[in-house]
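Engineer: Dropping a prediction and its sequence here:
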Amino acid sequence: DTEVTQTPKHLVMGMTNKKSLKCEQHMGHRAMYWYKQKAKKPPELMFVYSYEKLSINESVPSRFSPECPNSSLLNLHLHALQPEDSALYLCASSQALAGGVETQYFGPGTRLLVL
Amino acid sequence: GDSVTQMEGPVTLSEEAFLTINCTYTATGYPSLFWYVQYPGEGLQLLLKATKADDKGSNKGFEATYRKETTSFHLEKGSVQVSDSAVYFCALSPNTNAGKSTFGDGTTLTVKP
C-alpha cells in the first residue's frame, strides 16, 4: 500500500479564519513533506519532517504552521492567510531522508481558496 | 544549485503515436531521477525512477534511462493512449541535501483519439 491520504479535499477560508490540513500515511515512512503547487507550476517545497522533527523549513511565512504529532500524521495549520496563498497543498512521504534515494509518495492534495 | 530542464509543452499527439519528453539536469554528485505524472485535479503519482547511471526505469509502457554522460533522463512511450493525457514532471533527488528534490516545470501532454 503506497497511499497517502489528505483531508479535506477542498477548503475555502476567509483571511481571518483558522483552519488545518491533515495528511496521513501508514507505510511506516519516517519523512513527511508539505508542498505548495500553483496552477501549471511544479510543486514548491515548504516543510520536511524527519522522525517527527522539523528538518527543513523553506522560509515559509509564519501564517503556515506545521505539526507532526506522530509518525503517521502531518498537519498544516493555517491562520490569517492571503488570497495569494490559494493553491493545491500536497503532502508526501518517503521511507526516510536518505540522500538521493528517497522516493516520495504524494497524496491527492487539498485545494485551498482564500477569499 | 541543482536544476531540471524539461522540453516545453504543451505536446499534442494522436493516439498510438510515439512519445518523447526530454529532460536534462544539472546536479553535484549522483542524484536519483524520477518521472511523476499528474492527472487533472489530482496529486503527483510516481511513474518511474532510476537511482544510478545507465539504470532504466519502466512502468505502464513508459521508459527512461539515466544517462550520466549527457545528464539526461528522457521519457519515452511507444504508443500513447488518450488516458495518458496529463502533466509530466521530471525530478531529481540529490545525494547531498536530503529532502530537497528539484522538479522541472512540467510538460502537458494531450492525446487525441
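Structural biologist: Thanks, I have the structure now.
Engineer: Tell me the pLDDT of the closest residue to A:L81 other than its chain neighbours.
Structural biologist: Using Cβ to Cβ, 6 or more residues apart in numbering or on different chains and skipping residues adjacent in sequence, the residue nearest A:L81 is A:V114, 4.6 Å away. Every residue, glycine included, has its C-beta placed from N, CA and C. For A:V114, the pLDDT comes out at 95.
Engineer: cool, B:E8 as well?
Structural biologist: As predicted, B:E8 sits at a pLDDT of 83.
Engineer: And for A:T2?
Structural biologist: Looking at A:T2, the pLDDT reads 65.
Engineer: Repeat that for B:K49.
Structural biologist: 95.
Engineer: what does the one 10 residues further on give?
Structural biologist: Per-residue confidence (pLDDT) for B:N59: 97.
Engineer: Now for it: which residues touch it?
Structural biologist: B:N59 makes contact with B:L47, B:L48, according to Cβ atoms under 8 Å, 6 or more residues apart in numbering or on different chains.
Engineer: For it, give its distance to A:Q95.
Structural biologist: Taken as Cβ to Cβ, to the nearest Å, the spacing of B:N59 relative to A:Q95 amounts to 19 Å.
Engineer: quick one, phi/psi of A:P83?
Structural biologist: Main-chain dihedrals, A:P83, degrees, to the nearest 10: phi -50, psi -30.
Engineer: Spatially, and excluding backbone neighbours, which residue is closest to A:V12.
Structural biologist: Leaving aside its chain neighbours, A:V12 sits nearest to A:L113 (4.7 Å; criterion: Cβ to Cβ, 6+ apart).
Engineer: B:S79 now?
Structural biologist: Nearest non-adjacent residue to B:S79, counting by Cβ to Cβ, 6+ apart: B:E16, 4.7 Å away.
Engineer: again, but for A:P108
Structural biologist: Using Cβ to Cβ, 6+ apart and skipping residues adjacent in sequence, the residue nearest A:P108 is B:G43, 4.4 Å away.
Engineer: Touching, the one you found and A:F106? I think so.
Structural biologist: Yes: shown here, B:G43 and A:F106 form a contact pair, counting by Cβ atoms under 8 Å, at 4.3 Å.
Engineer: Tell me both backbone torsions, phi and psi, for the residue nearest to A:P108.
Structural biologist: phi -80, psi -170.
Engineer: where exactly do the strands run in the chain?
Structural biologist: Assuming you mean chain A. A:4-7, A:10-13, A:18-25, A:31-37, A:44-50, A:53-57, A:64-70, A:73-79, A:87-94, A:105-106, A:110-114 (DSSP state E).
Engineer: Not quite, go with chain B.
Structural biologist: With DSSP E, the ranges of strands along chain B come out as B:3-6, B:11-14, B:19-21, B:23-26, B:32-38, B:44-50, B:56-59, B:62-65, B:75-77, B:86-93, B:102-103, B:107-112.
Engineer: Does the longest one reach chain A?
Structural biologist: Yes: part of strand B:86-93 sits near chain A under the criterion Cβ under 8 Å from any Cβ of the partner chain, namely B:F89, B:S93.
Engineer: Note down every partner strand of that strand and its orientation.
Structural biologist: Within its sheet, strand B:86-93 is paired with strand B:32-38 (antiparallel), strand B:102-103 (antiparallel), strand B:107-112 (antiparallel), according to DSSP bridges.
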